[in-house]
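J.: Take this sequence and fold it.
(chains A, B, C and D)
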2 protein chains.
Amino acid sequence: MDSRDLLPMGEISHRSGFAASAIRYYEAEGLIEAHRSGGGQRRFERSVLRRLAFIRAASNVGLSIEEIRDELGRLPGNRTPTKADWHRISKHWGARLDEQIAALQRLKGGLDSCIGCGCLSLRSCAFSNAGDWAAQEGPGAQLLPDSLRKPHPARRTSG
Amino acid sequence: MDSRDLLPMGEISHRSGFAASAIRYYEAEGLIEAHRSGGGQRRFERSVLRRLAFIRAASNVGLSIEEIRDELGRLPGNRTPTKADWHRISKHWGARLDEQIAALQRLKGGLDSCIGCGCLSLRSCAFSNAGDWAAQEGPGAQLLPDSLRKPHPARRTSG
DNA sequence: GTTCAAGTTCAAGTGAACTTGAGTTCAAGA
DNA sequence: TCTTGAACTCAAGTTCACTTGAACTTGAAC
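T.: Numbering: from 1, shown residues only, chains lettered A, B, ... in the order given. Model (predicted):
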């Protein structure tokens, strides 16, 4: 590995479209790796660009950093995805997107069925009842999957 | 307005499915209003339940508090939505959902077209290039609308 | 009159995914 | 050598939509 093949922060940032701070963050989170120059500056292998493209794609699908880390970690040898890896992963993501699309369509369907009645009834209307507070019964439960719910950060899942 | 018609916090909370803290928050944000008992406790009109159902429905569609406040504010006389209001609003939200569905389908289409090639090329692949960093040109720009992008809170819009 | 669940306020915390700022150092060209 | 832009670290800040905790008060029942 000739050191002239390594790219400095500015170039990685510009070519990937990520801010330097984001790239440092991804390194800290273990999504990418960097060599260091004599003076301590980051020097990136070219393959990091591909990894960053992967990260951008994944986050467009709605994956969290955690999930992206997992996904990258599942690649044999923890390498940058090859064509075959990418094929497999794409199918996985495609399924996720299909699920999200279906969820929105269910929500839309519920909305359409409410347009006529104008009810917005607390107990019976599937649309306003779409939260999980009434999940034990009733038609509205799970109209939206977690991946499309707005994150309610402080709502602890334990309990 | 007989004070026996007014509901205390516990009941509003239980019937709406919102935590008391959330209801207080909505009041502070101006989405709902409350009377006060002699001792300073909140007493809610029955119509607040309807307003809360509206808020839940809106947030299921992905509207922010800000947007919900606008939407409620646009109701003539700032009243709880009637059937006619609800009809109009539903159409509005339906369009928004359609847009979100279409965006996900575009993203899915991009993914499908990438499955074969395994490219993930930074410059040419519509999928990994879906951010707005290259929005000036190229095919990938605006695959996803803002409403479906993961919120990147610290990214200031001014500049 | 006592009890105590239910209510109150206010400040601070939560999580995700970064950004910003301050203060310092590196590296490359003139 | 000087300058200057690029990079560094580390702590703290940002947004959203709430929640949590502490310390206190109400109000309905017994």
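J.: Number of residues surrounding the residue nearest to residue A:5 when sequence neighbours are not counted?
T.: Distances taken as Cβ to Cβ, 6 or more residues apart in numbering or on different chains put residue A:46 closest to residue A:5, at 6.6 Å, once the chain neighbours are dropped. Every C-beta, even on glycine, is put in place using the N, C-alpha and C of the backbone. If you count neighbours by other Cβ atoms under 10 Å in any protein chain shown, residue A:46 ends up with 12.
J.: wait, does the helix-or-strand element of chain A with minimal mean pLDDT make contact with chain B?
T.: Least confident helix or strand of chain A, by mean pLDDT, DSSP states H and E, is helix A:83-117 with a mean of 76. Yes. Helix A:83-117 reaches chain B (Cβ under 8 Å from any Cβ of the partner chain) through A:83-84, A:86-87, A:90-91, A:93-94, A:97-98, A:100-101, A:104-105, A:107-108, A:111-112, A:114-115, A:117.
J.: So which elements touch that helix?
T.: Using 3 or more Cβ pairs under 8 Å, 6 or more residues apart in numbering or on different chains; DSSP states H and E, the elements in contact with helix A:83-117 are helix A:47-61, helix B:47-61, helix B:83-117.
J.: what comes up buried for the last one?
T.: In terms of neighbour count (16 or more other Cβ atoms under 10 Å in any protein chain shown), helix B:83-117 has its buried residues at B:85-87, B:89-90, B:93-94, B:96-97, B:100-101, B:103-104, B:106-108, B:110-111, B:114-115.
J.: and it, anywhere near DNA strand D?
T.: No. Figure legend: helix B:83-117 not in contact with DNA strand D (Cβ under 7 Å from any atom of the strand); closest approach 14.3 Å.
J.: Can you classify residue A:12 as helix, strand or coil?
T.: Under DSSP: H, G, I helix; E, B strand; the rest coil, residue A:12 falls in the helix class.
J.: Not counting sequence-adjacent ones, nearest residue to it?
T.: residue A:44 (4.9 Å).
J.: ok, how many other residues are close to residue A:41?
T.: Around residue A:41 there are 11 residues (other Cβ under 10 Å).
J.: I'd guessed it sits against residue A:10; true?
T.: No. Look at residue A:41 against residue A:10 with Cβ atoms under 8 Å: they stay out of range, at 10.2 Å.
J.: which stretches of chain A have low pLDDT?
T.: Chain A contains residues with pLDDT under 70 at A:1-4, A:76-81, A:113-159.
J.: how would you label the residue in it that DNA strand C sits nearest to: helix, strand or coil?
T.: At 2.3 Å from DNA strand C, residue A:39 is the closest residue in chain A, using Cβ to the nearest atom of the strand. Counting by three-state DSSP, the backbone at residue A:39 sits in coil.
J.: returning to that earlier point: touching DNA strand C at all, the least confident helix or strand of chain A?
T.: No. Helix A:83-117 does not reach DNA strand C (Cβ under 7 Å from any atom of the strand); its nearest approach is 14.2 Å.
J.: Name the nearest residue to the residue in chain A that DNA strand D sits nearest to, sequence neighbours excluded.
T.: The nearest approach of chain A to DNA strand D comes at residue A:10, 2.6 Å away (Cβ to the nearest atom of the strand). In space, and not counting its chain neighbours, residue A:10 is closest to residue A:20: 7.5 Å by Cβ to Cβ, 6+ apart.
J.: From residue A:49, how far out is that neighbour?
T.: Applying Cβ to Cβ, to the nearest Å, the value for residue A:20 to residue A:49 is 14 Å.
J.: So these two - more neighbours on which side?
T.: residue A:49 (20 against 13).
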